[in-house]
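Asks: Turn this into a model:
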Amino acid sequence: MTDNRKSGIALIAGSVGGIVTMAIHPTAGGPMTAAQIDRLALVSGVAHGLAIASVIIVFLGACGVARRIGAPDRMAFVGIVVFGFACVAIFMAATVSGFIVPGIMQRMARDAGAEMRTWQIVIDGVFQFNQAFARIYSVAASCAVILWSASILRNGGLARGIGIYGCIISALIIVGIGVGHLRLNVHGMAVVWFGQAIWFVMAGVQMCSQRAQGTSAG
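Replies: Numbers count the residues shown, from 1 in each chain. A predicted model of the protein is given here:
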């Protein structure tokens with residue numbers, strides 16, 4: 001199996017893993033019992049653990065893309081550096097949302113009612129960390145896709161349609177976040193991930209189809 005094919009499979013598998021994460025991601029609304037919070041913590045841990053694994057797999061695939069479309073202008077290389085920075089941010093966001101907040105909620109459920117307001121303030125404060133890291137990921141990952149897409153349009157390596165789509169969807173994500181129209185709750189992150197996943201899957205499919213080229217390059 002060539003490096004191109006391995007990278008393509010990683011891009012597709014990681015993207016699908018992220019979509020599954022969004023599908024099973026729990027949402028909490030209103031008062032919950034201790035048993036419901038425990039169940040929420042379990043599902044949240046599974047979902048965010050899958051999210052972290054999916055991002056790692058996508059990053060491995062993205063390294064292959066950067067290698068495939070690499071050119072002397074170094075746009076593809078800068079893109080992978082920026083995407084690596086984005087991955088660190090989403091690891092932080094997933095850790096906060098998937099493990100820290102549910103843990104605090106479990107502690108809150110075991111405490112007396114008088115402490116509930118204090119715990120709620122703590123959860124709200126920690127949630128702001130999650131939102132900050134989510135914004136950093138969404139903007140940085142979009143910038144990485146723009147760099148890769150611009151490299152494709154300028155230097156080739158993958159289909160121009162992939163480059164055009166990447167520039168458009170990433171710009172829309174950045175503008176949406178910048179003007180406050182795209183809020184990064186569960187549904188907002190689903191929009192970001194799905195929009196980027198389409199780019200990764202398209203690139204992955206083409207990488208998988210370039211077996212002969214991968215053999216000659218490697």
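Asks: For the helix or strand harbouring F85, name the packing helices and strands.
Replies: In the assignment (DSSP states H and E), F85 maps to helix 75-95. Packing partners of helix 75-95 (3 or more C-beta pairs under 8 Å, 6 or more residues apart in numbering; DSSP states H and E): helix 34-69, helix 116-155. C-beta: built from backbone N, CA, C; applies to glycine.
Asks: got the buried residues for stretch 32-50?
Replies: I37, L40, A41, S44, A47, H48, L50 (16 or more other C-beta atoms under 10 Å).
Asks: go on, stretch 69-81?
Replies: In terms of neighbour count (16+ other C-beta under 10 Å), stretch 69-81 has its buried residues at I69, G70, M75, A76, F77, V78, G79, I80.
Asks: what does stretch 153-165 give?
Replies: Residues of stretch 153-165 classed as buried by neighbour count (16+ other C-beta under 10 Å): N155, G157, L158, I162, G163, Y165.
Asks: To which secondary structure element type does the closest residue to Q131 other than its chain neighbours belong?
Replies: Ranked by C-beta to C-beta, 6 or more residues apart in numbering and with sequence neighbours excluded, the top spatial neighbour of Q131 is L184, at 6.0 Å. Following DSSP: H, G, I helix; E, B strand; the rest coil, L184 is assigned to coil.
Asks: what sits against L184?
Replies: Taking C-beta atoms under 8 Å, 6 or more residues apart in numbering, we find L184 in contact with Q131, A134, R135, S138, I177, V192.
Asks: likewise W148?
Replies: Counting by C-beta under 8 Å, 6+ apart, W148 touches A62, V65, A66, I69, M75, A76, G79, G163, G166, A203.
Asks: rerun that using 6 Å as the cut-off
Replies: Listed by C-beta atoms under 6 Å, 6 or more residues apart in numbering, the contact partners of W148 are A76, G79.
Asks: Check the gap between it and I80 for me.
Replies: When C-beta to C-beta, to the nearest Å is the yardstick, W148 and I80 sit 8 Å from each other.
Asks: and of the buried residues of stretch 69-81, the nearest to S170?
Replies: G79 (10.9 Å; C-beta to C-beta).
Asks: Give me the nearest residue to V139, chain neighbours excluded.
Replies: I174 (5.6 Å).
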